[in-house]
Structures are given as C-alpha cells and as structure tokens.
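Visitor: Sequence and predicted structure are below.
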Amino acid sequence: MNVLEHLLAACGVFSIPIGILIQFIPNELVLAYGGFLVDSHDAPFFLMFLLAWFSFTLSQIALYWIGRYGGRPVALKLYRYFRIRSDKQLRAERWFEKYGAWIVCLSLFWRQLFAVSAGVMRLSFRKFLTVTTLIFAAWSFVFIHVGMMLGNNWRMIGHFMDDVLPFLAFGIGTTLVIRHFRHQPKRLKESA
C-alpha cells in the first residue's frame, strides 16, 4: 500500500470529502475507494454518493468564486500553484467564449482550470452550478459503482481510466462541437 492508499484507509468514509477538497489525490482513486467501502459494507452507497457529489460541487463553487472575485491576477497565481501553463488558461477562456457553459464538463479532467476560468470569464453562476451539479453527480455515481465492481482491486482504477478516458474525452468533445454548430447555423452555411 502506498502513502495515498494509507491516507485513504486512515480517513475511512471521510477520505471522500478530504481527497476531493484537497485535490492532490486523483478523483477516480478516491471514488473507487468509496465504492470499495460500499462493497465491503463499511458505508452505504447513498452516503458515499452524497459525500462525493457535495464535495465536488463545493470545491468547484469555491474555485469559481476565486476566479470571479480574484480575476485574472489571482487566477494566474493559482494556475502556477496547480502547474497550469498560461497558454492553457487562455485556451480555456477561448473555449468558454466559443462553447458557453457546457465547457464546464471538461472540469472532470482539469477541475481547477475550468472552474477558475468560468469565474474569470464571469460565466453565469446559475449555468455554472447547473452544469457542475449534473456532471459531478454522474461522475460520482459512475466511479463509486466502478469501485464497487472492483472490490478489493479498487486500486486498479488507474488501469480502467487509461482505457476509458480517451473515449470519454472524445464523447464530451464531440457533444460540444455538435452543440456549437447547432447554435450557429450561419457560420456553418458560410463555411460551405
């Protein structure tokens, strides 16, 4: 067992909110451990789900307001802390301008970048909260179930993610592109 696994085991049920809010343990690992706790009858599924969902939503809201009130100067300092290059931040802002609130779906892959950028770009808080709540509810549900299926092998979530992540990213990307072109039919006709 490595240090992260010892930390999760020591915190038990509370490893879910701690791991998600501190943001230094991969989310998938934290959720898979939650699924393992459910599978081993140490915690009910509904409790694990609510802890994960609430923690994700709370962390995203905090990052959003940091970006909204701190603006770009604070965001740039925060990005350096999370080792996010400024070119990625600028790209994220362009995506917000182009695709709107649904770009928040990419928070699944890079929570700090997209939540802070949503605040910097002054995305409507209602839209941000709606997308965040929906996407992290699904994320929590899926990965707690994956942890339940893996049981004692919950540590294998990394291998699972290596296989699934490209397909998930492709699906979200395709959805965003289709949505963008549906809302801008003029642009599509002009390019033809």
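Guide: Sure, I can see it.

Visitor: if you average pLDDT over the top helix by length along the chain, what comes out?
Guide: Taking DSSP state H as the criterion, the chain has its longest helix at helix 45-81. Averaged across helix 45-81, pLDDT comes to 86.

Visitor: Check stretch 99-110 too.
Guide: Stretch 99-110 shows a mean pLDDT of 67 in the predicted model.

Visitor: now do stretch 141-158
Guide: Mean pLDDT, taken over the full extent of stretch 141-158, equals 73.

Visitor: what's the answer for stretch 32-39, then?
Guide: Averaging pLDDT residue by residue across stretch 32-39 gives 83.

Visitor: go on, stretch 87-95?
Guide: Average pLDDT, stretch 87-95: 76.

Visitor: List the buried residues of that stretch.
Guide: Burial within stretch 87-95, assessed by neighbour count using 16 or more other Cβ atoms under 10 Å, is assigned to Q89, A92, E93, W95. Using the backbone N, CA and C atoms, a C-beta is placed for each residue, glycine as well.

Visitor: for the residues you listed, which one is nearest A115?
Guide: The shortest separation between A115 and any of those is 10.1 Å, and it belongs to A92 (by Cβ to Cβ).

Visitor: Correct me if wrong: the closest one contacts S117.
Guide: Yes - between A92 and S117 there is a contact under Cβ atoms under 8 Å: 4.2 Å.

Visitor: immediately after the helix or strand where R94 lies, which helix or strand?
Guide: Using DSSP states H and E, R94 maps to helix 86-99. Where DSSP H and E defines the elements, the next helix or strand beyond helix 86-99 is helix 111-120.
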